[in-house]
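Participant: What follows is a predicted structure for the sequence shown.
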Number of protein chains: 2
Amino acid sequence: MKLLEEKIIRDGRVLDGNILKVDNFLNHQIDVMFMCELGKEFKRLFMDSGITKIVTIEASGIGVACLTAQYFGVPVVFAKKSKSSNISNDVYSYKIESFTHGKVFNVVVSKQYLNADDKVLIIDDFLATGNALVGLIDIVEQSGAEVKGCGIVIEKAYQNGGKLLRDKGYRVESLARIAAMDSEKGIEFC
Amino acid sequence: MKLLEEKIIRDGRVLDGNILKVDNFLNHQIDVMFMCELGKEFKRLFMDSGITKIVTIEASGIGVACLTAQYFGVPVVFAKKSKSSNISNDVYSYKIESFTHGKVFNVVVSKQYLNADDKVLIIDDFLATGNALVGLIDIVEQSGAEVKGCGIVIEKAYQNGGKLLRDKGYRVESLARIAAMDSEKGIEFC
């Protein structure tokens, strides 16, 4: 999506250590009017998929998920991160290792909010190794619901997550796909 | 707001220990179309306040803050919760005790995203003791920005937070105010 690539070039910064800092419009300050445009694009891409629910993960997925969901007219369910090793019986859960934070945590969703009739679009801000997305897909499928696709704002396509999921047959639509990035040379899109 | 009171009666549940469970539309599953109606109401209440930015706190404030912000055409900044005791110089921070989680954490906002020209509306899902809101107000004021008001979805008016803030002169608009609640007798609004 051209609009997003231009925004990343203009407002994003590449830091050492494979970090793309976009916290001025995506994951600390949220440029809400801009996110609405991304939401409309997700709607265009998945309009024929019969989506009944959007699933995301706290915290930085929630904004774009909610602004997208209004164009589908469906609720958002956001998975919670829990450090507790005691997982109750009334939730679906999956253990995830976070690249960004170097920690292990459980992702949990109450069983009440996903069921076998749901057709789910998973929305997240980033896709890199795919750990979080694999966890969300697993949770949705535990419920018997169908994953109709994943809508990602920024994919680090030089990492393995997107390929892994597409190879398994999942539809992954990333609005910007980064082929390479470097704090000196900048960003190259796919 | 009648619509919200009816929703709380219909979908909310009062649990022992002063807990109002509204995670089927507000803070786990988000009824996005319903939240848009709350957003329009916040716009009606604060339309003359010259709002330039909406500030909230992760995670459950983000959805309603983003859906509200689109009616103002302004960005959202969400404060992050940090357990680290090392606070860097490039953030505003405030130490908060959480009633729900029984923990102490720092609330932080990057100095980049608040400045003295901002007129801020603070949005949050709940107001009870007011700890989180006091922290957000403090952070906004550290930046020199002006707090034009606080928009709350549900206020537990039998606790002290709302009174405390109104007594200090802050404008606090809560869309539903609970006078009393009990797992057997149900909910009484102000």
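Facilitator: Yes, it's here.
Participant: Chain B versus A:Met48, what's the distance?
Facilitator: One correction, residue A:48 is Asp, not Met. In this view, A:Asp48 and chain B are 20 Å apart by Cβ to the nearest Cβ, to the nearest Å. All C-beta atoms are positioned from the backbone trio N, CA, C, and that covers glycine.
Participant: I misspoke; the intended subject was A:Leu127.
Facilitator: Applying Cβ to the nearest Cβ to A:Leu127 and chain B gives a distance of 20 Å.
Participant: cool, A:Leu136 as well?
Facilitator: 14 Å.
Participant: Look up the closest residue to that residue, ignoring the ones flanking it.
Facilitator: Nearest non-adjacent residue to A:Leu136, counting by Cβ to Cβ, 6 or more residues apart in numbering or on different chains: A:Ile122, 5.1 Å away.
Participant: burial of the one you found, as a residue count?
Facilitator: 26 (other Cβ atoms under 10 Å in any protein chain shown).
Participant: residues touching it, list them.
Facilitator: A:Ile122 is in contact with A:Ile54, A:Val55, A:Thr56, A:Leu133, A:Leu136, A:Ile137, A:Val140, A:Val147, A:Gly149, A:Cys150, A:Gly151, counting by Cβ atoms under 8 Å, 6 or more residues apart in numbering or on different chains.
Participant: Output those residues as CSV; include the columns secondary structure and neighbour count.
Facilitator: Listed next are these as CSV, based on DSSP: H, G, I helix; E, B strand; the rest coil; neighbours: other Cβ atoms under 10 Å in any protein chain shown:
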residue, secondary structure, neighbour count
A:Ile54, strand, 28
A:Val55, strand, 29
A:Thr56, strand, 28
A:Leu133, helix, 25
A:Leu136, helix, 26
A:Ile137, helix, 20
A:Val140, helix, 25
A:Val147, strand, 22
A:Gly149, strand, 20
A:Cys150, strand, 27
A:Gly151, strand, 28
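Participant: Which member of these is positioned nearest A:Ile8?
Facilitator: A:Gly151 (16.6 Å; Cβ to Cβ).
Participant: What are the boundaries of the helices in chain A?
Facilitator: Along chain A, counting by DSSP state H, helices occupy A:2-11, A:32-46, A:62-72, A:131-142, A:161-167.
Participant: JSON lines for these, including distance to A:Lys111?
Facilitator: Output for those, formatted as JSON lines (distance: least, Cβ to Cβ, whole Å):
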{"stretch": "helix A:2-11", "distance to A:Lys111": "35"}
{"stretch": "helix A:32-46", "distance to A:Lys111": "25"}
{"stretch": "helix A:62-72", "distance to A:Lys111": "20"}
{"stretch": "helix A:131-142", "distance to A:Lys111": "9"}
{"stretch": "helix A:161-167", "distance to A:Lys111": "24"}
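Participant: Most tightly packed of the ones you listed?
Facilitator: Per residue and on average, the most neighbours among these fall to helix A:62-72, with a mean of 27 (mean count of other Cβ atoms under 10 Å in any protein chain shown).
Participant: who's in contact with the spatially most central residue of chain A?
Facilitator: In chain A, the centroid-proximal residue (Cα atoms, centre = their mean) is A:Asp124; its distance is 1.4 Å. The neighbours of A:Asp124, taking Cβ under 8 Å, 6+ apart as the test, are A:Thr56, A:Ile57, A:Gly61, A:Ala132, A:Leu133, A:Leu136, A:Cys150, A:Gly151, A:Ile152, A:Val153.
Participant: Nearest residue to it in space, please, no chain neighbours.
Facilitator: Nearest non-adjacent residue to A:Asp124, counting by Cβ to Cβ, 6+ apart: A:Gly61, 4.7 Å away.
Participant: State the number of residues packed around the closest residue to A:Ile178 other than its chain neighbours.
Facilitator: Once flanking residues are discounted, A:Ile178 sits nearest to A:Lys156: 5.3 Å by Cβ to Cβ, 6+ apart. Burial measure for A:Lys156: 22 neighbouring residues, criterion other Cβ under 10 Å.
Participant: so what's A:Lys156 up against?
Facilitator: A:Asn18, A:Leu20, A:Phe126, A:Leu127, A:Ala128, A:Ile178, A:Met181.
Participant: Can you read off the pLDDT for the third one?
Facilitator: Among the per-residue scores, A:Phe126 shows a pLDDT of 97.
Participant: what separates the residue nearest to A:Ile178 from A:Gly130, distance-wise?
Facilitator: Using Cβ to Cβ, to the nearest Å, one gets 10 Å for the distance from A:Lys156 to A:Gly130.
Participant: I'd assumed A:Asn106 was in contact with A:Ser84.
Facilitator: Yes. With contact defined as Cβ atoms under 8 Å, A:Ser84 reaches A:Asn106; the gap is 7.2 Å.
Participant: Let me know how buried A:Ala179 is, in neighbour terms.
Facilitator: Other residues close to A:Ala179 by other Cβ under 10 Å number 11.
Participant: shouldn't it be in contact with A:Lys185?
Facilitator: No. Look at A:Ala179 against A:Lys185 with Cβ under 8 Å: they stay out of range, at 11.7 Å.
Participant: what's the overlap in contacts for those two?
Facilitator: Counting by Cβ under 8 Å, 6+ apart, A:Ala179 and A:Lys185 have no common neighbour.
Participant: how many neighbours does A:Glu155 have?
Facilitator: Neighbours of A:Glu155 (other Cβ under 10 Å): 23.
Participant: Was I right to think it contacts A:Thr129?
Facilitator: No. Using Cβ under 8 Å, A:Glu155 is not in contact with A:Thr129; the gap is 11.2 Å.
Participant: Before I go, just wanted to say thanks for your time.
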